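Visitor: got a structure for you, letters missing:
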């Protein structure tokens, strides 16, 4: 493997914006997509970061993803809405949907928005975080193309269907959980394969559905919880599908076309689901802030077993990466560097 | 171990009701508690079923749990409310809170209720199910007394903090997920101990925080995800605490007194959180029903690896147990049989 190059964040963001514009994305679509991809790249989630520009470029050019969508909003009750992304970039759909959920929550205490007519939205945490930055607890989830077996399953059924939640924390960055409901993403398997390292136990299966350690034999991921408790991961993946696709009327995981296989006439119709919750309507903003402080102080002071790193809250590690990458620059893999013209 | 006795469900429910009344619970409190305990006993979740009568009896008699609570509701916005359980039985608090969430969702599309001043609520799935029976998607969660380490942790930090979600399914029982965020509950460790069986890998630690297989050495549970991916289980446990206690202003897991150690003057102040979502305000009831049908048919037809049982949706196994126990009776362990006067 060739080494990545290191690029300052602002220069990288500008180049991604330029590339998306060149592919036909309008100002709002490209701005939201840059924000989401830079979120992932800065947080160290490189699989969902700027490398995806190469993945979206062709479909934007061909019209498979609509670079100039007319988003349609249908408010359905005081606290709920449906949003049709008009087959645009999933990041644009999703920031708009979470903004709407936050507005609904501001009025009604909680807001929920189901999005359809969307496409791959990158890292779910980006949208949960947008709610937390507005002072809300945010939840974001999506279904995705089948890549993960059921518990004991042979074939791919659910996508890696992430669950992301973020919450404001006084005087520091938000609490931020963003997890796939498989143990690892599939491109981690590809990484093990290229390194020639054996896989951890019970994270992937071969074509017969048997767990394998040899990454060359792995065809499909197992749900989080592995050989004994994978029914929990499968249930959480199902929850993502239930909210994102069944409740909204979007396409189910196992019916989703891969990007490059859908067409403008028959778009992917991926679904997402967003919730925002206003702390002011529960214990209150101050009381919640005090509780968060007590909770995080206790968590970070909780003793670990000998040799384990200090206890961390969800997001703690990623916010350290953000700080380091804002200071030192963001690693960009050679293929993506070429796409971006570095 | 002595064998359980088998009791018809209606006789068992009547005896539980009688025992709770004898302990001082009023009609509404005991009716809701019977419903929740019978839910768990019928679904095969015996740890959270009628055996808990013995656990609540003393605290009800002493006033540590208030058998005649005056529940106070404060509606805070169109879709949200806080509910103070007046230190009553958690089951009563929780059915009332979910009923309120369903009412809010009927008007506003989604409803969320934070409950404080509560106590142990048994199986979270009981309340999620109540929403599904009203045609809604329901979510129920709670925090609980510390029993589970953080990722790499030595000491108990979070409770086994369950996440339960239920959703209506046309012509069959609801989709029903009800999971602890540890791999197993602690009384499963006690069962392994009494059977002299080694524990599965990476589900419990000794006093130094090292994973152990000998159930006699296990002091604390590990979060779901085990040795490699326990950060995911710990994050989900944290999510339960965040919604149930931080957002509501209830007591944090590590500050919760055990039942028997709280007092009427200084009650446990356990917190729960409930959401109901009305499908009519998203794709619509009919469209959601069709999607659920397509999803479940595909799931149950999904091929399994050789030797694995057929693919099941969350709740499928438990609904089979309900059918069998309604027909053949409910097993009651000898200690509980004695408490109930069988």
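Guide: Now that the structure is in, tell me what you want to look at. Only a predicted model underlies this, so the values are computations on that prediction, with no experimental measurement involved.
Visitor: from the chain's centre, how far out does the helix or strand bottoming out on mean pLDDT in chain A sit?
Guide: Every helix and strand in chain A was compared by mean pLDDT, DSSP states H and E; the lowest is helix A:186-195, with a mean of 86. The chain centre lies 19 Å from the centre of helix A:186-195; the measure is CA atoms, centre = their mean, to the nearest Å.
Visitor: Is that helix in proximity to chain B?
Guide: No: counting by CB under 8 Å from any CB of the partner chain, chain B is not contacted by helix A:186-195; separation bottoms out at 11.6 Å. For glycine as for every other residue, the C-beta is placed from the backbone atoms N, C-alpha and C.
Visitor: Just the buried residues of that helix, please?
Guide: Neighbour-count burial for helix A:186-195 flags A:186, A:188-189, A:192-193 (criterion: 16 or more other CB atoms under 10 Å in any protein chain shown).
Visitor: Can you tell me the element whichever residue of the stretch 151-300 of chain A sits closest to chain B falls in?
Guide: Per CB to the nearest CB, residue A:209 is where the stretch 151-300 of chain A lies closest to chain B, at 2.8 Å. Under DSSP states H and E, no helix or strand contains residue A:209.
Visitor: just residue A:311 next, same as before
Guide: Using DSSP H and E, residue A:311 falls outside every helix and strand.
Visitor: Confirm for me that it is in contact with residue B:153.
Guide: Yes: under the criterion of CB atoms under 8 Å, residue A:311 makes contact with residue B:153 at 6.0 Å.
Visitor: For residue A:197, which non-adjacent residue is spatially closest?
Guide: residue A:215 (7.2 Å; CB to CB, 6 or more residues apart in numbering or on different chains).
Visitor: Tell me the confidence at that neighbour?
Guide: What the model reports for residue A:215 is a pLDDT of 94.
Visitor: ok, back up a step: how about the residue of the stretch 151-300 of chain A closest to chain B, what does it touch?
Guide: A:149, A:152-155, A:220, B:303-306, B:308 (CB atoms under 8 Å, 6 or more residues apart in numbering or on different chains).
Visitor: are any of those residues buried, and which?
Guide: So, by 16+ other CB under 10 Å, the buried ones in the contacts of residue A:209 are A:149, A:152-155, A:220, B:303-305, B:308.
Visitor: now the helices: where do they sit in chain A?
Guide: For chain A, the helices defined by DSSP state H occupy A:9-22, A:27-42, A:52-62, A:90-108, A:125-133, A:186-195, A:226-241, A:285-300, A:316-328, A:334-339.
Visitor: Columns distance to residue B:181 on top of these, output as a markdown table?
Guide: Rendered in a markdown table, the data for those read as follows (distance: least, CB to CB, whole Å):
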| stretch | distance to residue B:181 |
| --- | --- |
| helix A:9-22 | 35 |
| helix A:27-42 | 25 |
| helix A:52-62 | 31 |
| helix A:90-108 | 25 |
| helix A:125-133 | 18 |
| helix A:186-195 | 23 |
| helix A:226-241 | 9 |
| helix A:285-300 | 15 |
| helix A:316-328 | 19 |
| helix A:334-339 | 36 |
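Visitor: Quick check: which of the ones you listed is buried the most?
Guide: helix A:125-133 (a mean of 27; mean count of other CB atoms under 10 Å in any protein chain shown).
Visitor: if we can go back for a sec, looking at it, the residue nearest to residue A:197 is touching residue A:199, isn't it?
Guide: Yes: contact criterion CB under 8 Å: residue A:215 and residue A:199 qualify, at 5.3 Å.
Visitor: Need the residues touching each of these two.
Guide: Residues touching both residue A:215 and residue A:199 (CB under 8 Å, 6+ apart) are A:189, A:192.
Visitor: For residue A:124, see how far away residue A:164 is.
Guide: Plainly put, residue A:164 is 4 Å away from residue A:124 if you go by CB to CB, to the nearest Å.
Visitor: neighbour count winner among these two?
Guide: Under the criterion of other CB atoms under 10 Å in any protein chain shown, the comparison of residue A:164 against residue A:124 puts residue A:124 first, with 29 against 23.
Visitor: Could you double-check that that one lies in contact with residue A:143?
Guide: No: counting by CB under 8 Å, residue A:124 does not reach residue A:143; the two are 11.2 Å apart.
Visitor: distance of residue A:78 from residue A:104?
Guide: For residue A:78, the distance to residue A:104 equals 8 Å [CB to CB].
Visitor: check contacts around the nearest residue to residue A:321 once chain neighbours are set aside.
Guide: Spatial nearest neighbour of residue A:321, chain neighbours left out: residue A:44 (3.8 Å); criterion: CB to CB, 6+ apart. Residues counted as contacts of residue A:44 (CB under 8 Å, 6+ apart) are A:317-318, A:321-322, A:325.
Visitor: ok, now residue A:253?
Guide: By CB under 8 Å, 6+ apart, residue A:253 lies in contact with A:143-146, A:157-159, A:161, A:241, A:245.
Visitor: Output these in a markdown table, with distance to chain B and pLDDT appended to each entry.
Guide: Formatted as a markdown table, these follow (distance: CB to the nearest CB, whole Å; pLDDT from 0 to 100):
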| residue | distance to chain B | pLDDT |
| --- | --- | --- |
| A:143 | 10 | 96 |
| A:144 | 14 | 95 |
| A:145 | 14 | 94 |
| A:146 | 10 | 96 |
| A:157 | 5 | 97 |
| A:158 | 9 | 98 |
| A:159 | 13 | 97 |
| A:161 | 13 | 97 |
| A:241 | 7 | 98 |
| A:245 | 7 | 98 |
